[in-house]
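Asks: fold the following and give me the result.
(one chain, ligands or ions: 1)
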Amino acid sequence: MSGLTNKRIVLGVSGSIAAYKAPDIVRRLQDLGADVRVIVTDGGREFVSERSLQTISKNKVHNNLWDKEAELSMGHIEIAKWADVVIIAPASANTIAKLCHGRADDLLSTVILATEAKIMIAPAMNQQMFAASAMKDNLGLLKARGIDIINPGFGDQACGDVGEGRLAEPIDIASQAAELFTSSLLSGKKVLITLGGTREAIDPVRFISNHSSGKMGMALAHACIQAGAKTTLIVGSISIELEKRAEIIQVISAEEMYQAVMKQIDNQDLFISCAAVADFRPKKVSKNKIKKDNQSMTIELIRNRDILASVCQLKKKPICIGFAAETENHIINANNKLIKKQCDAIILNDISQTEIGLNADENEVHLITKNRTEKIEKNTKQIVAEKIIDKLVNNFFNPS
Ligand SMILES: Cc1cc2nc3c(=O)[nH]c(=O)nc-3n(C[C@H](O)[C@H](O)[C@H](O)COP(=O)(O)O)c2cc1C
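Replies: Okay, the predicted model is just below:
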């Protein structure tokens, strides 16, 4: 397993204006498979509601060191022992200074002293505060003690200043936490993944496309990177953020995706065709915007090249994995696709169910190879992706 699957993360939220981003950090950590419990300082409570954090984390939010119920079982020790990682994001200047001195005057600082877990902090403050010598010395001291600093970004600040001190992006905070658990399942391997939908132009403003969000492909990308693979993504239209640790090539149409794949395919060990590529494109693309003068119109479509089948026919081909999005006769259709395209495995999605598959946050798939069909039960796309990568490694790179 890779990512943050089954990892227990305590997120400490302190009194920075950036605390309003904490619910998003919780989501990003959960997307990678983590169970998250939140401790919010009194300062943090001024900027984000406990209710939001509780609803999103699906766990009780902790604030009070003197909580009578929790202290029956020594709540601060229980949380400190529970955590695999403690991340303070945002980390205020005050909380950072307290960590340096080993203060234990609230729940968060007490947990930090009491935990054996890895500690990461993401400072967020006004650029002048961040540039202050005291802050530099404090961060240097914490780094020397083995605490990971997630560097803030540069840019516009809530106070109107421009400079260094903006909280790192929630997706980057989650990715850095996941890096702590990188495995070597695919170390030394190169992986190429296509994802998202393609757009086939009708005229300069209109196109034919589909509902693909790119979530499953991006989850596979996270899983491959966590497993140590050098990962390249060929990305069509998506509704999610790009994985910064991958090499990214952005394309629009199916033909552009075909060209990009063929350019990258040499020396890849694994090719995962996860994009929802349009089978057809308009034969003619109008140079000018088409006017609505007529009551009806016909668009003639012609076939696009089949990217997966083309890669499977290469003399020197990587392990090739396709996706089959089916609405009926699922297993039969997926097996036919496996044979017809001559790929090594098909991942079957049942897209007749709206809560899984295209554009959904969860998925349930079957991994179909020549010899067997294995079901991966319904779960978040990230966990499903990690299970797919584990199974692909076992089937093709590490067969027992
Ligand atoms: C409107 C406002 C915004 C603030 N923003 C920040 C900030 O972004 N970063 C920071 O370090 N402190 C900021 N502070 C100061 C902290 O909230 C203050 O130092 C507080 O004592 C921090 O408490 P804590 O570290 O226990 O959460 C801000 C204060 C106010 C009133």
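Asks: after the helix or strand harbouring Ile339, which helix or strand is next?
Replies: If you go by DSSP states H and E, Ile339 is part of helix 330-341. Once helix 330-341 ends, the next helix or strand along the chain (criterion: DSSP H and E) is strand 345-350.
Asks: tell me which parts of the stretch 101-250 of the chain are close to the ligand?
Replies: Neighbours of the ligand within the stretch 101-250 of the chain, by C-beta under 6 Å from any ligand atom: 124-125. No exception for glycine: its C-beta is placed from N, CA and C like everyone else's.
Asks: how about the strands in the stretch 101-250 of the chain?
Replies: Remark: strands assigned in the stretch 101-250 of the chain by DSSP state E, counting those that start in this stretch are 118-123, 148-149, 153-156, 162-166, 190-195, 200-201, 207-208, 230-235, 247-250.
Asks: need the ones you listed in TSV with mean neighbour count and mean pLDDT, can you?
Replies: Listed next are the strands of the stretch 101-250 of the chain as TSV, based on neighbours: other C-beta atoms under 10 Å; pLDDT from 0 to 100:
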stretch	mean neighbour count	mean pLDDT
strand 118-123	23	98
strand 148-149	17	98
strand 153-156	12	91
strand 162-166	18	94
strand 190-195	26	98
strand 200-201	20	98
strand 207-208	18	96
strand 230-235	24	98
strand 247-250	14	98
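Asks: so which of those is nearest Ser286?
Replies: Closest to Ser286 of those is strand 200-201 (C-beta to C-beta; 8.7 Å).
Asks: adjacent strands (with direction) for the closest one?
Replies: strand 207-208 (antiparallel) (DSSP bridges).
Asks: to Ile368, which of the strands of the stretch 101-250 of the chain lies closest?
Replies: The nearest among the strands of the stretch 101-250 of the chain, by C-beta to C-beta, is strand 190-195 at 18.6 Å.
Asks: dump the C-alpha coordinates for that closest one into PDB.
Replies: Extracted in PDB, the C-alpha atoms of strand 190-195 (Å, rounded to 0.1, in the frame of the first residue of the first chain):
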ATOM      1  CA  LYS A 190       8.600   4.500 -15.600                       C
ATOM      2  CA  VAL A 191       4.900   4.900 -15.800                       C
ATOM      3  CA  LEU A 192       2.800   6.800 -18.400                       C
ATOM      4  CA  ILE A 193      -0.800   7.600 -17.600                       C
ATOM      5  CA  THR A 194      -3.400   9.300 -19.800                       C
ATOM      6  CA  LEU A 195      -6.300  10.900 -18.000                       C
END
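Asks: closest point of the stretch 201-350 of the chain to the ligand, which residue?
Replies: When scored by C-beta to the nearest ligand atom, the stretch 201-350 of the chain has Glu241 as its residue closest to the ligand, at 23.0 Å.
Asks: how about that residue, nearest residue that isn't a chain neighbour?
Replies: Using C-beta to C-beta, 6 or more residues apart in numbering and skipping residues adjacent in sequence, the residue nearest Glu241 is Ile171, 5.2 Å away.
Asks: neighbours of the one you found, how many?
Replies: Residues within reach of Ile171, counting by other C-beta atoms under 10 Å, total 19.
Asks: who are the contact partners of it?
Replies: 28, 241, 244 (C-beta atoms under 8 Å, 6 or more residues apart in numbering).
Asks: would you mind measuring from it to the ligand?
Replies: 20 Å (C-beta to the nearest ligand atom, to the nearest Å).
Asks: confidence score at that residue?
Replies: Listed pLDDT for Ile171 reads 90.
Asks: next SSE after the lowest-mean-pLDDT helix or strand in the chain?
Replies: When the helices and strands of the chain are scored by mean pLDDT, DSSP states H and E, helix 68-72 comes last with a mean of 65. With elements assigned by DSSP H and E, the helix or strand that comes after helix 68-72 is helix 75-82.
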